[in-house]
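Enquirer: Sequence and predicted structure are below.
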Amino acid sequence: MRSNGRSRPLTRAGLALIIVLLLGVARTDGQSVEELQQELKAMKTQLQQLQKKMEKQEELIETLSKQKTPAPALAAPAAAPTAAVVAAPPTPSAEQEQLEKRVTENIIQKIQPSLAAANKTFPAQFNPAIGLIIDTVGSYQENGGGNFEFRSAEIGISANIDPFARGYAIFNGTNDGVEVEEAAIVTTSLPYNLTVKGGRFFADFGRLSKFHDHDLPFVNRPQVLDTFVGGESQADGVELSYLAPLDQYLTLTLGAYNKMGADNTQVDNNVPRALSRFTYLVHPATFINLNDSNSIDLGLNLAYTPRVETFTTDDMEAGNNKGRYLADLDITFRYVPLSQAQYRGLIWGTELLFNGEDWNVGDQETPVFHSEGAFGVYSYLEARLTRRYYPGFMFNWQQALDRQQGDVTTYNPYFTIWLSEFQRLRLQYTYFTAPSDHQSQFFLQWTAVLGSHVHGFRDR
Amino acid sequence: MKRSLLIITVLSILCSGAHAADKIRVVTTIPDLADMTRQIGGDLVEVNSIATGVEDIHAVPMKPSFAVLLNKADVVVLLGLEAEHAFLPALLEAARNPRILRDAPGYIDASVYITPLEVPSRIDRALGDQHPMGNPHYNVDPVMGKAAARAIADGLSRNYPEHAATFKQNLDRYLAKLDAAIARWEAEAAPLKGKKLVSYHPDLVYFAERFGMEPEGTIEIRAGVDPTPGHIAELEERMRREKVDIVVRELHYPAGLAETVAQATGAKLVELPVMAGGSPETRDYISFIDYNVRTMLKAVQGGA
């Protein structure tokens, strides 16, 4: 039980009085009456002072009790009033109250900037995240002269659509105009580890085909990807991706597209077509974690178009309503020491491609279509020396798709300087060699990111 | 028949994750949170951390194997305040696990009870790699650690109300342990009061605030931006003027420059982890804070 606040001072007063009386009786023997009277008077005065002090304390306790007695809790269980009284916290003193007030004021003062910042952005809360990437290149080619090339200004926006999907779009402004480079809807909550993507997007083919130009490790996309895939693996279509429920990372992507390749002019993107004229993709991929610092990404890609309508490119006919196979093996080795990931590392990336389709090896009047297979490969090695400096070397070799011309080889040493995470300079030298063309090329690329940026899984 | 048996065997090996099906599978972003979750969840949880503790939290490699971990997770526990922006959003997307997507019940943000420091009043890339919600490196302050532990317990209880009493009991026990340690650290750390420090990145702001130290800038020109020679010259001049006592090199930053700055200014160089597991002595959260306090004290009191 909690003690009554008034009882303790009264008990103390009573005890004091008894002690005083006992002392008085005990000391009467050896003292004069006058001395005893004086002492008794002094004691009386002391007792009066003590009584006054006690009254004041009682008044103070009563006042504080009235101010601080908490209102009975409405939700408290009626059956256990005693327990509620026992559990009630002790009444805080005035000092405690002041301390609490100071702490509260201090906290409010500290969080005020974040509250203000939140209020400032509130009207735009539902706007998608927006970012702009500027990519510009100055180049000099031995056989072609110099050029300042405004390569692109790319606006990217992205946001969740609802609890079931997110959307993103990338608009690319170049010297040729503005185009929708990607605009896609991606599911976020399908069961069975499935994801569906639909719209225009970079098909999940290979590794660097999915990178935007400004995200590449070098100035220009490897020529083998330009020739075999058609540059970026842009496609209008749908993709279904599955993550196997295993301890080992294993994904399988299936896709169906009008065509694949942003610069693929072999197929018209804007006309309806038979199912046999779509391009279909199968792409299993896995990841091998060798240890904390070393890992390998591995992917196998097959894009198959059952019947390619006859088309003409570089005065060569191809297609012949036969199938086209485009296969790609991508392998990426990474050395990233965990404690130095910002400024040390090594990456080796390679893609080996094979293209098989029918080509007219005769002439226009007497066509002789023949199935030709062509190989191509690029491989690069890039070191991370510091947080700023990334030197690298990329090698590219490819056969002509129709096998009627000689091979093309390029050697590309480059050096990237990250001024910050959002601004980058890159120097690259390219030695280009083809049967009728051998030349040196020099590039200086300057790339910057404004606004929102994301670290995407596919760009790793 | 033989082929079927082989397939079943291979699948059994690959699907070996089923061994802990009865436990709550928790993935945390850093070991500090993993330790707290183990303390609070006890035998009910199986915890994996994405980072090992030696990494820079802003540069944790985005490995596909982490997507597998997250795919199987019942809850994810993160430091929050956008500390993990470089890897967690993309991994969550790759993990295809709607239970732990942002703002889903299984997304446990340990920062919800934190009073953040250094909340920017202006968001501008010219000011560096800003965190709009405030400095996210609060785990170096044990009092903030208590707030994180409370958030974890609440998050687990929200997802598993049937175990709420156990989580509460374990939390109270852990907080009592932390309180005792905090009282000791605060007493021991008295000599740190008023000492000035420069760190590579603003990782030590909460530590400084807790123990009365005064941050006097960073080696980085702005958070996330490498220093220029001009900045270093200006920093060294300011450090001499302000009589800065300590240069902290967080262990995931290069050694050379921090050493040079310390030597040039006469400040003591202190090398500290910023997460549990960041050095061999910091196997859990309490030993991590303990190590940092003692290492800092040793430097201030003239030790090695």
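Expert: Received the coordinates, thanks. Numbering: from 1, shown residues only, chains lettered A, B, ... in the order given.
Enquirer: May I ask which helix or strand encompasses B:V76?
Expert: If you go by DSSP states H and E, B:V76 is part of strand B:75-78.
Enquirer: ok, that strand: who's next to it in the sheet?
Expert: Here strand B:75-78 has these sheet partners by DSSP bridges: strand B:24-28 (parallel), strand B:107-109 (parallel).
Enquirer: Quick one: low-confidence residue ranges for the stretch 201-304 of chain B.
Expert: B:303-304 (pLDDT under 70).
Enquirer: Where do the helices of chain A begin and end?
Expert: A:7-26, A:33-68, A:81-87, A:94-121, A:223-228 (DSSP state H).
Enquirer: How about the residues of the stretch 151-300 of chain A by chain B?
Expert: With the criterion set to C-beta under 8 Å from any C-beta of the partner chain, the stretch 151-300 of chain A comes near chain B through A:188-190, A:193-195, A:243, A:245-249, A:287, A:289, A:292, A:295, A:297. Placement of C-beta: from N, CA and C, glycine included.
Enquirer: Is it possible to mark the buried ones in the residues you listed?
Expert: Buried members of those, counted by 16 or more other C-beta atoms under 10 Å in any protein chain shown: A:188-190, A:195, A:243, A:246-249, A:287, A:289, A:295, A:297.
Enquirer: Just put those residues in a markdown table and tack on pLDDT.
Expert: Listed next are those as a markdown table, based on pLDDT from 0 to 100:
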| residue | pLDDT |
| --- | --- |
| A:T188 | 93 |
| A:S189 | 91 |
| A:L190 | 95 |
| A:T195 | 97 |
| A:L243 | 97 |
| A:L246 | 95 |
| A:D247 | 94 |
| A:Q248 | 96 |
| A:Y249 | 97 |
| A:F287 | 97 |
| A:N289 | 95 |
| A:S295 | 97 |
| A:D297 | 97 |
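Enquirer: Farthest pair within those?
Expert: Largest separation among these by C-beta to C-beta: A:S189 and A:S295, giving 28.7 Å.
Enquirer: number of nearby residues for residue 238?
Expert: Chain wasn't specified; assuming chain A. 16 (other C-beta atoms under 10 Å in any protein chain shown).
Enquirer: ah, no, chain B please
Expert: B:R238 has 14 nearby residues by other C-beta under 10 Å.
Enquirer: Double-check A:Q248 against B:V68; I have them as touching.
Expert: Yes: at 7.4 Å, A:Q248 counts as touching B:V68 under the criterion of C-beta atoms under 8 Å.
Enquirer: returning to what we had before: downstream of the strand holding B:V76, the next helix or strand is which one?
Expert: Trace forward from strand B:75-78 with DSSP H and E and the next one is helix B:88-95.
Enquirer: Give me the residues contacting that next one.
Expert: Helix B:88-95 is contacted by residues A:188, A:243, A:454-457, A:460, B:29, B:50, B:62, B:64, B:66-71, B:73, B:76, B:78, B:100-102 when judged by C-beta atoms under 8 Å, 6 or more residues apart in numbering or on different chains.
Enquirer: shaky segments in the stretch 1-150 of chain B?
Expert: B:1-21.
Enquirer: re earlier: format the strands paired with strand B:75-78 as CSV; extra columns: mean neighbour count and distance to A:Y304.
Expert: Below are those laid out as CSV (neighbours: other C-beta atoms under 10 Å in any protein chain shown; distance: least, C-beta to C-beta, whole Å):
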stretch, mean neighbour count, distance to A:Y304
strand B:24-28, 24, 38
strand B:107-109, 21, 40
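Enquirer: out of the ones you listed, nearest to A:A94?
Expert: Taking the strands paired with strand B:75-78 one by one with C-beta to C-beta, strand B:107-109 is closest: 37.8 Å.
Enquirer: From the chain's centre, how far out is the closest one? Work that out for me.
Expert: Computed by C-alpha atoms, centre = their mean, to the nearest Å, the chain-centroid distance of strand B:107-109 equals 15 Å.
Enquirer: what helices or strands is the next helix or strand after it leaning on?
Expert: Downstream of strand B:107-109, the next assigned helix or strand under DSSP H and E is helix B:142-159. If you count contacts as 3 or more C-beta pairs under 8 Å, 6 or more residues apart in numbering or on different chains; DSSP states H and E, helix B:142-159 packs onto helix B:31-41, strand B:75-78, strand B:107-109, helix B:164-188, helix B:205-210, helix B:285-300.
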